[in-house]
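**Student:** need a structure here:
(chains A and B)
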Amino acid sequence: MMALSGHLLTVVIFFPAFGALALLFLRGDDEMWIRRLTFVVSTVEFLFSLFLLRAVPIGQAGYSLEEFGHWISSPPINYHLGVDGISLFLVILTTFLTPICVLASWHGLHHRLKEFHVMLLLLEVGVVGVFLSLDMFLFFLFWEIMLIPMAFLIGIWGHERRIYAAVKFVLYTMAGSILMLVGIIWLYNATGTFDLPTIQRLIHDGQLNLPERTEMILFLAFFIAFAIKVPLFPLHTWLPDAHVEAPTAGSVILAGVLLKMGTYGMILPLFPDASHRAAPYVAVLAIIGVIYGALVALVQPNLKKLVAYSSVSHLGFVVLGIFAFQNISMQGAVFQMLAHGISTGALFLLVGMLYERRHTFEISEYGGLSTPMPKLAAFFLFIALSSLGLPMLNGFVGEFLILLGTYQVHWNWAAWAATGVILSACYLLWSYQRVFFGEITHQKNRELADASAREKWILATMAVVTLWMGIGSPFFTRRFAEPCKAVLEQMNRNVMREVALPGAPPLASNRGADNSTERLASR
Amino acid sequence: MTSFNQQMLQSLRLVLPELIWCGTGVLLMLIQPFLKNRQALTFLAMVGTSLGTLATFYGFFGTAFSGQIQFDTFSLFFHWLVGLISFLVILASDSYLEREKLDSAEFYALILFATAGMGVLASAQELLTAFIGLEMSSISSYVLAGYRRDSVKASESAVKYFLLGSFATAFFLYGIALIYGVTGSTNLAKLADADPSSNLLRLGLTLILVGLGFKVAAAPFQVWTPDVYEGAPTPVTALFSAGPKAATFALLLRIFSTIHAATQFWFWAFWILAALTMFAGNLGALVQSNVKRMLAYSSIAHAGYTLVAFAAVTSVRQDPEAVAPAYAAVLFYLASYALVSVGSFTVISELGGQGERYLTFDDFAGLGTRQPFAAAGLSLFLLSLLGLPITAGFFGKFYIFKAAVHSDLLWLAILMAVNSVIGAYYYLRLIVVMYMREYKGTLPADASQGLSPTAAMVVTVAAIITLYLGLAPNHVLGIVLSEKLISAR
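**Tutor:** Residues are numbered from 1 along each chain as shown, chains lettered A, B, ... in the order given. This is a model prediction of the structure:
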């Protein structure tokens, strides 16, 4: 361990790749060992990632555990890794969900099992790499690499229209990411570096002053790529297809982590002025997403699609929280990213369990399920409540903080977005009622087995985490409060200047963000 | 007298690779009546190719034959590249020739002659020398394209290639004539300072551009490509899409980096050519149902991407700091594309079955389970063509993007981005077919059962280099970024 401690992040990124390599040496029909090995690898990976918790100091912004190595000489591209309070939890979320996914597909999946698990582990490599990269180029690299395993997961092990969904997913993402590549290169042209901390320092010190129009174009090049990933309202159409067609494990990772790559990218404070100028428009799109997603979920006859659209709605909140540029709402956004990962992931697991029993997602096919399967029904209710934002559970914390923070600057944004909370209660409870309560209309449903021991373990783990995140939220917020504040300081640098200019006494830099937001609020 | 001999010897040292390649070709033709063993012939051809490539180490940087040949890092790079390509193509042809029951000695000899021609193209410092190189490689190519004599498609391919190719060569020759008329010289070093305002010179350069544009299949001179590539024996298609293309691009780069006339003029020519070529290739590839034809169109598209870097070169040519990365982008891209192209066409050539019958998308369904190695190799090459990270194609595209953005060619960069996405669709389609569809019906009895050992070697080598260039491009970059890449004198 000591020898590895200097390279903990490298280990966390590439350990699953070694697992995948080891898998290749197993026989393809040796199902038990393939599952066991993957489970062990992903669990060990989870434990590795827990070491990060200890390494990230509380109440301090900036990156820890940095690793730096020269990779390509011209242009200077470096292998630069680091973790801060925000990426920390996203990594842990990823490593937490992967073993859960392995467990979730323990029985339902037999077709080309080895390749499935190899893809799952490679996906983990890509996603963790995105969160830990501190070099724009490296970031892009992992961003692209993770596409292929995800596309295969959807395209090979998905449901009926899987190929369509897989190709759509890849093309959407690729269209965005190639724009981002041009943006990254342009940014390199302007700054002479791909190094994220260096670029941030340049912005912070005001050394990087792009012309207004250029900054806007660059901002859009990045933002569109992230918005596709999130997905933000008019760019969301790939998501329902991908989610519905993906196998359960794919949906869980997709909703749980992949979407967060988009919001994580939006948090990177690269273009403060352009972000501020675009914020009203982005916020409008986010609010449309919140309400539209909820309304579509409300009328969905397909249970999995319902959960997929609820993602559009919930991630609208996250984007809104980020672009309110408020300390509280930013923290809420980060928290909501994690909470959504857990509760929507769990919802997909539950829907997958129903599908394993009945091979349908149609709500009308179910009804009265709480009689044959009371335990599964209880878990479903618990998770649904967390997703709709019941106090004490995880969904509440994030949404509340986002609305609170947004309200302080734009009460009308918060008012519109709050309707999403109400609507989420409507669609989740209504669909719950139709699936689990009432008379059993289909004879098949009478005989359904309740949650097995394996399923109970999975769901209990998810439920415990849900509860813990709801009650013990300071454990999380303490760690990402300072990074969020630092991001805001970056983002608000020009607002600060404007406020500081007209005769006001110069602001102390460490309190600058708070002051400026207060002033904004009083306008 | 001795000093003349000395000079001659020095000069010969610089064309030693070409001499060895041609010599091996002649030897193969002569030895054929006595040696019936195909594998021995293959081995001999491979030895000749590698000896010729290694002979570059015996050369030195300088000029030969009174300045007609220029040997510099640039031509060294291309000698290695075409040598490697021919080596791989010969290795891949072995099983193909056996399957199609074609004579191998002439085939190898023609490949070697073509290689020698490409070598001349890469180091020509004089337009007529370049013409000789162009003809050497083209005439061998015409014959190679129609090498499957009993196939209608191959004959069509050869005739089409020959007629249009000769036409294009005529353009090239006319261009040389006009330039000679204006400046009284065909030597690039002397043309370097030619009066840029002369319309006749511009016309001459335009004709040269048309001639070479045809050879690299730049739109609107690309219409021959799909038919020729589809009809030619697949290993030959691999050669066409990699070797002559790279060598012609080399000549184009040398001409336009040396002759300073009319930079602005060339900029727009390349800009438009690049945009047209990208769209022509990608949109054409989008609707193909034959994999070989799709790759032929994709080869046009990749010529378009390379031309983007040319536009970048011309727009920053006054700035020596900026121009080196743009040259490097061209060279890196050509190398990465050449290897990927040889690799993918090799897989296709093996999977086609006798008479190249099984080349539609449907024939590739379920390949991922039937032939994991071939499918994995082909997927890697397709991902490289698509430009996904950790493959050579990604860095190739990255450097071109970088050169374009650096030269403020933002719109061209965006057009290239759009095209990359279009390209992603049809490359992915093949991957999807291979891994996500099951084969419909029963597999024909004569469908390929697996790659032959030689083809597997080619695929492995190409795959390793593709990954190597994608993970550690530093070494190759060191070569293509060297300060005196192209010496003008």
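
**Student:** same question for stretch B:432-439, mean pLDDT?
**Tutor:** Mean pLDDT, stretch B:432-439: 84.

**Student:** One more: stretch B:166-179?
**Tutor:** Rounded mean pLDDT across stretch B:166-179 is 92.

**Student:** Identify each buried residue in it, please.
**Tutor:** B:A168, B:T169, B:F171, B:F172, B:L173, B:Y174, B:G175, B:I176, B:L178, B:I179 (16 or more other C-beta atoms under 10 Å in any protein chain shown). For glycine as for every other residue, the C-beta is placed from the backbone atoms N, C-alpha and C.

**Student:** now that stretch, how far from the chain's geometric center?
**Tutor:** Centre-to-centre, stretch B:166-179 and its host chain are 21 Å apart (C-alpha atoms, centre = their mean, to the nearest Å).

**Student:** What is the burial count for the residue in the stretch 251-400 of chain A positioned nearest to chain B?
**Tutor:** In the stretch 251-400 of chain A, the residue found nearest to chain B is A:M261; the distance is 15.0 Å by C-beta to the nearest C-beta. The tally of other residues near A:M261 (other C-beta atoms under 10 Å in any protein chain shown) stands at 24.

**Student:** Span of stretch B:176-190 from start to end?
**Tutor:** Start to finish, the residues bounding stretch B:176-190 are 14 Å apart (C-alpha to C-alpha, to the nearest Å).

**Student:** Columns distance to chain A and secondary structure on top of the buried residues of stretch B:166-179, output as JSON lines?
**Tutor:** What follows is the buried residues of stretch B:166-179, written out as JSON lines (distance: C-beta to the nearest C-beta, whole Å; DSSP: H, G, I helix; E, B strand; the rest coil):
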{"residue": "B:A168", "distance to chain A": "33", "secondary structure": "helix"}
{"residue": "B:T169", "distance to chain A": "37", "secondary structure": "helix"}
{"residue": "B:F171", "distance to chain A": "35", "secondary structure": "helix"}
{"residue": "B:F172", "distance to chain A": "35", "secondary structure": "helix"}
{"residue": "B:L173", "distance to chain A": "39", "secondary structure": "helix"}
{"residue": "B:Y174", "distance to chain A": "39", "secondary structure": "helix"}
{"residue": "B:G175", "distance to chain A": "35", "secondary structure": "helix"}
{"residue": "B:I176", "distance to chain A": "36", "secondary structure": "helix"}
{"residue": "B:L178", "distance to chain A": "39", "secondary structure": "helix"}
{"residue": "B:I179", "distance to chain A": "35", "secondary structure": "helix"}
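
**Student:** Contacts only, for A:I100.
**Tutor:** A:I100 sits next to A:V252, A:G345, A:L349, A:I458, A:T461, A:M462 when contact means C-beta atoms under 8 Å, 6 or more residues apart in numbering or on different chains.

**Student:** Which stretches in the chain count as strands?
**Tutor:** Went with chain A since none was named. Along chain A, the stretches classed as strands by DSSP state E are A:64-72, A:77-83.

**Student:** could you do chain B instead?
**Tutor:** Assigned by DSSP E, chain B shows strands spanning B:62-64, B:69-71.

**Student:** helices or strands up against the last one?
**Tutor:** Counting by 3 or more C-beta pairs under 8 Å, 6 or more residues apart in numbering or on different chains; DSSP states H and E, the packing neighbours recorded for strand B:69-71 are helix B:2-14, strand B:62-64, helix B:105-123.

**Student:** quick one: buried residues of that strand?
**Tutor:** Residues of strand B:69-71 classed as buried under the neighbour-count rule (16+ other C-beta under 10 Å) are B:I69, B:Q70, B:F71.

**Student:** Now the second one: closest residue in space that isn't a chain neighbour?
**Tutor:** Sequence neighbours aside, B:Q125 is the residue nearest to B:Q70 in space, at 3.7 Å (criterion: C-beta to C-beta, 6 or more residues apart in numbering or on different chains).

**Student:** Tell me if I'm right that that neighbour and B:G67 touch.
**Tutor:** Yes - using C-beta atoms under 8 Å, B:Q125 is in contact with B:G67, at 5.9 Å.

**Student:** Would you mind listing what in chain B touches chain A?
**Tutor:** Within chain B, the residues that sit near chain A (C-beta under 8 Å from any C-beta of the partner chain) are B:325, B:328, B:369, B:383, B:388-390, B:394, B:398, B:401-402, B:405-406, B:410, B:413-414, B:417, B:420-421, B:424-425, B:428-429, B:432, B:435-437, B:473-474, B:477-478, B:481.

**Student:** ok, now with 6 Å
**Tutor:** B:388-389, B:401-402, B:405-406, B:413, B:417, B:420-421, B:424, B:428, B:432, B:436, B:474, B:477, B:481 (C-beta under 6 Å from any C-beta of the partner chain).
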